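K.L.:
A structural model of the following input is requested.
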Amino acid sequence: MLLTRPLGLALALCPLLAQACPDWSAERAAVELRQLAAQLARWDDAYHREGRSLIADELYDQARARLAHWQGCFPGQAVATPAPLAGQAGPLPLPVAQTGLNKLDDAQLQDWLARREGVWIQPKVDGVAVTLVYRAGRLVRALSRGDGRHGQDWTARASALPAVPMQLAEPRDAVLQGELYWRLTAHVQAEQGGMGARARVAGLLARATLEEGEAAGIGLFVWDWPDGPADPRQRLATLARLGFADSTAFTRPVADFAEARRWRERWFRSPLPFATDGVVLRQADRPHGRHWQPRPPSWAVAWKHPPRQALAEVRRVEFRIRRSGRITPLLHLQPVHLDDRVVRRVSAGSLPRWQALDALPGDQVAVALAGGSVPRLESVVWRSPHRQPVIAPDASAYHALSCWQPTPGCEAQFLARLEWLSGRQGLNLPGIARGTWQALLAEGQLDEGLLGWLEADGPPALRGAAILARQRPFDRWLTALGAPPGVRGEHWRQLATRSLPEWLEQPGMGPQRARQAHAFLAHPPVRALAARLATLGVDGFAP
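P.N.:
Now for the predicted structure:
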């Protein structure tokens, strides 16, 4: 659907929470604004000139909104931002301007609808805009969108597409505006996203020739007839007679916001023959095409689908070290809305992935929801010119048998061991969570190690939990200490004296698991913990 990157962008569309202006000096603001403006220009050039989409539309929209926000924060450092279609004009004037559309959020759309009657809704087909000119029913010219006023001659390309009729069913003069899209089978936008359908069409149209199968894969959706009948019902009925039945099938009257929302949701979650990125609403009473201008009109707007990705600024990087020694980088973000959730942090997955992404404070990253609920880091969208360096932990210093004491550099893994020990998979101590251990660790009350809190003179906050912990059975304690899978028995002494060959003879023990079990039970800090539990009379450890 015509809504090329974008004309008349609504800042409220972005999933950003209300934000204060960045705390930048004038010099830094000038550099940040110039860099983002240059990045937007590169994306525009690739999109409009080369037919390559280097960034998802929703992230592009958010980046433009981010620039507008920064421009408002630092008017003295504002940079010139050419229109997205600047430089894209072709040699041929369009018979009717391609207007573009403003994108509204929910509240803005409700206000827009409240002031209008006779509104119609269509899916916003995700493809490449085209103008088709018919004279006496015969196609005489096809034009690209260009800059909205002038476009390229696509007549030869359009003539090769089976979806574009060379001859209408009636000998009419008509200027039609529509979308060339990639045909999809039972495409559900909510589940499959855009699938690069728009970029595929743009790439094919950039070729000198198309194979028969490629040409057949391109469909046409006529979404407006600027010089057609004024009455929308008559206009749609005539389009159907002329051979454009999809225009009728996918254009519906709406009376209010609730009905518009139902149609948007239906098209978002139902199988369609094309990708979409929202809906378009048009009022029936609109000027004749000869009066249209290449800018967003007041009588038609777009209402996009909920964003699948959000643009977020990295505020800081935290490295969480798990009980196993695995290092997980966690990016703390400027909070953003995504699918009715507020996302404040996202995992980079692993230390090597974070290092490959090179995501540092100040950078802008793309965040999505995996499975509709868990934030997922997708990519770094652009990097700040004032990036803050971050020193990562040494991965070689951490493993399954490291950090049994809160020594410098070991606090994170030691805390993870305590969290596991008291959690449901360990001793299942009610009321004891990560925050409890963090507070005691900060106060220096856990300096004696993993089990000092079990003593009678341990921290008062844990005395009840200590009594309960000393009553837990042997097998729960083995799991709580982090014993590898398969380490089971009646008594510590029975397990600790077992040799590696004897572990290999145990049922279900392969070589790797046997080596892990033997190493764990022979590890001096683990043996010291077992001895301490024996002195406390814990079941299975006492002599």
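
K.L.:
Am I right that residue 496 is in contact with residue 530?
P.N.:
Yes - the criterion here is C-beta atoms under 8 Å, and residue 496 meets it with residue 530 at 7.1 Å. Bear in mind the C-beta positions are built from the backbone N, C-alpha and C, glycine included.

K.L.:
higher neighbour count, the two?
P.N.:
Neighbour comparison, residue 496 and residue 530: the larger count goes to residue 530, with 21 against 15 (by other C-beta atoms under 10 Å).

K.L.:
Check the spacing between residue 129 and residue 136 real quick.
P.N.:
Note on residue 129: its distance to residue 136, by C-beta to C-beta, to the nearest Å, is 25 Å.

K.L.:
which one of these two has more residues nearby?
P.N.:
Using other C-beta under 10 Å, the more surrounded residue of residue 129 and residue 136 is residue 129, with 22 against 11.

K.L.:
State the helix or strand in which that one lies.
P.N.:
Using DSSP states H and E, residue 129 falls within strand 128-135.

K.L.:
Direction included, what does that strand pair up with?
P.N.:
Sheet pairing of strand 128-135 (DSSP bridges) gives strand 138-144 (antiparallel), strand 174-182 (antiparallel).

K.L.:
Go ahead and name everything in contact with the first one.
P.N.:
Residues lying outside strand 138-144 but in contact with it, judged by C-beta atoms under 8 Å, 6 or more residues apart in numbering, are 90, 92, 94, 128-134, 151-155, 157-159, 164-168.

K.L.:
Make a PyMOL selection of the buried ones in those.
P.N.:
Restricted to buried positions by 16 or more other C-beta atoms under 10 Å, the PyMOL selection for the contacts of strand 138-144 reads:
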select buried, resi 90+92+94+128+129+130+131+132+133+134+151+152+154+155+157+158+164+165+168
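
K.L.:
Just the element for residue 490, please.
P.N.:
Applying DSSP H and E, one finds residue 490 in no helix or strand.

K.L.:
To clarify, my last question referred to residue 32.
P.N.:
Counting by DSSP H and E, residue 32 is part of helix 26-49.

K.L.:
List the buried residues for that helix?
P.N.:
Buried-residue list, helix 26-49, by 16+ other C-beta under 10 Å: 28-30, 32-33, 35-37, 39-40, 43-45, 47-48.

K.L.:
again, but for stretch 310-321
P.N.:
Quick answer for stretch 310-321 (16+ other C-beta under 10 Å): 310, 311, 312, 313, 314, 317, 319, 321.

K.L.:
helix/strand/coil for the third one?
P.N.:
So the one you mean is residue 312. strand (DSSP: H, G, I helix; E, B strand; the rest coil).

K.L.:
list the contacts for the spatially closest residue to it that is not a sequence neighbour?
P.N.:
Leaving aside its chain neighbours, residue 312 sits nearest to residue 333 (4.1 Å; criterion: C-beta to C-beta, 6 or more residues apart in numbering). Residues in contact with residue 333, defined by C-beta under 8 Å, 6+ apart, are 312, 313, 314, 315, 343, 344, 345, 346, 365, 367.

K.L.:
Out of the strands paired with strand 128-135, which is closest to residue 229?
P.N.:
Taking C-beta to C-beta, strand 174-182 is the member of those nearest to residue 229, at 10.5 Å.

K.L.:
For the closest one, C-alpha coordinates in PDB please.
P.N.:
What follows is strand 174-182, C-alpha atoms only, in PDB (Å, rounded to 0.1, in the frame of the first residue of the first chain):
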ATOM      1  CA  ALA A 174      -8.800   5.600 -15.700                       C
ATOM      2  CA  VAL A 175      -5.800   6.500 -13.500                       C
ATOM      3  CA  LEU A 176      -5.400   3.700 -10.900                       C
ATOM      4  CA  GLN A 177      -3.100   3.700  -7.900                       C
ATOM      5  CA  GLY A 178      -2.100   0.400  -6.400                       C
ATOM      6  CA  GLU A 179       0.500  -1.900  -5.000                       C
ATOM      7  CA  LEU A 180       2.600  -4.600  -6.700                       C
ATOM      8  CA  TYR A 181       3.000  -7.300  -4.000                       C
ATOM      9  CA  TRP A 182       4.500 -10.700  -3.700                       C
END
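
K.L.:
residues in contact with residue 123?
P.N.:
1, 250, 267, 272, 274, 276, 278, 279, 280 are the contacts of residue 123 under C-beta under 8 Å, 6+ apart.

K.L.:
what two of those have the greatest distance between them?
P.N.:
Taking C-beta to C-beta as the measure, the contacts of residue 123 have their most distant pair in 272 and 280, spaced 14.5 Å apart.

K.L.:
which of those two has more neighbours?
P.N.:
For residue 272 and residue 280, the more surrounded residue by other C-beta under 10 Å is residue 280, and the numbers stand at 23 against 19.
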